[in-house]
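S.K.: Got a sequence here, can you model it:
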Amino acid sequence: MSGNGVTDDEIDGNAQMEYALNLGLIDPPTYQAAWDACDGVFWNASRQGSGRGRRSSLEMDVGLLSHMHSAQRWFQTAAPMLKHTVPCGDRRISLDWMNRGDVREAIHAAPLRTVPSWQPCSDVLHYTVGKVAMREVHRELLQRGLRVLVYSGDHDFVIPYIGTRSWVYGLGLPVDQPYAAWMVEGQVAGFVATFEGGLTFATVKGAGHMVPQTNPREALDLISRFLNKELYPSRK
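M.R.: Next comes the predicted model:
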């Protein structure tokens, strides 16, 4: 299973601007100006070039919206954050729990006197990250006979569903069951399509980057029904 996962830097990165346009966060002239400045390459705009400046300007324009949950306000915290920690993540409960001495002891983690503060992201590891391109990994997993679920919250600005949808259909697999609504308690919870070879693509309406966090009921239903081969079609 892959939920709102980074799969291809170029496709996922370029989809952000198109998503902002289609969601009404920017208008067509602004999108075109950004396209011209970046030569249509949003994901890797030069830090010195006009494209980078245009993108930064647009990010400021939509700054009142969380990149992780584009329809929700940012969660602001007074606690210090690491330089690359998700800015909208409400980590208060996990921080309190993981930094308790009795919890550390129970899970055999380093005691507080050794590692005084647990964080979900760490600056300790230093390594070079190249261009991410995982589409062929998905293809290989399918060829090995594994069933794969790729799902996206349709209000995620970081990895927009339109980018994920693009590479999923770009695999060129024959469609088994066409794009259709899946339901939870009589309400449309998203849309789903299946492909020959075992691939399922689904969206979750109104969900952000962390689907189980923003839409826990739909996330549980989606995963459970996929595992039980009951996701498509559904009239629940």
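
S.K.: would residue 17 count as being in a helix?
M.R.: Yes. Assessed by DSSP: H, G, I helix; E, B strand; the rest coil, residue 17 belongs to a helix.

S.K.: next helix or strand past the helix or strand of the chain with the lowest mean pLDDT?
M.R.: Every helix and strand of the chain was ranked by mean pLDDT, DSSP states H and E. The lowest is helix 50-61, at a mean of 51. On the C-terminal side of helix 50-61, the closest following helix or strand by DSSP states H and E is helix 92-98.

S.K.: Report the buried residues of that following helix.
M.R.: For helix 92-98, a neighbour-count test (16 or more other C-beta atoms under 10 Å) marks 95, 98 as buried. Where you see a C-beta, it was placed from the backbone N, CA and C, and this is true even at glycine.

S.K.: mind showing which ranges of the protein have poor pLDDT?
M.R.: Low-confidence segments of the chain (pLDDT under 70): 44-90, 121-127, 129-131, 233-236.

S.K.: what ranges do the helices span in this protein?
M.R.: Taking DSSP state H as the test, the helices found in the chain are 9-22, 28-38, 50-61, 92-98, 101-106, 135-143, 161-170, 211-214, 216-227.

S.K.: Just put those in CSV and tack on distance to residue 188.
M.R.: Shown next, in CSV, are these (distance: least, C-beta to C-beta, whole Å):
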stretch, distance to residue 188
helix 9-22, 19
helix 28-38, 28
helix 50-61, 31
helix 92-98, 30
helix 101-106, 40
helix 135-143, 26
helix 161-170, 15
helix 211-214, 15
helix 216-227, 10
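
S.K.: With respect to residue 191, which of those helices lies nearest?
M.R.: Smallest distance to residue 191 across the helices of the chain (C-beta to C-beta): 9.4 Å, for helix 161-170.

S.K.: Next, the angle from the closest one to helix 135-143.
M.R.: Per axes from the mean of the first three to the mean of the last three C-alpha atoms, to 10 degrees, the angle that helix 161-170 makes with helix 135-143 is 50 degrees.

S.K.: Point out the other helices and strands that helix 161-170 packs with.
M.R.: Applying 3 or more C-beta pairs under 8 Å, 6 or more residues apart in numbering; DSSP states H and E, one finds that helix 161-170 contacts helix 9-22, strand 148-153, strand 199-204.
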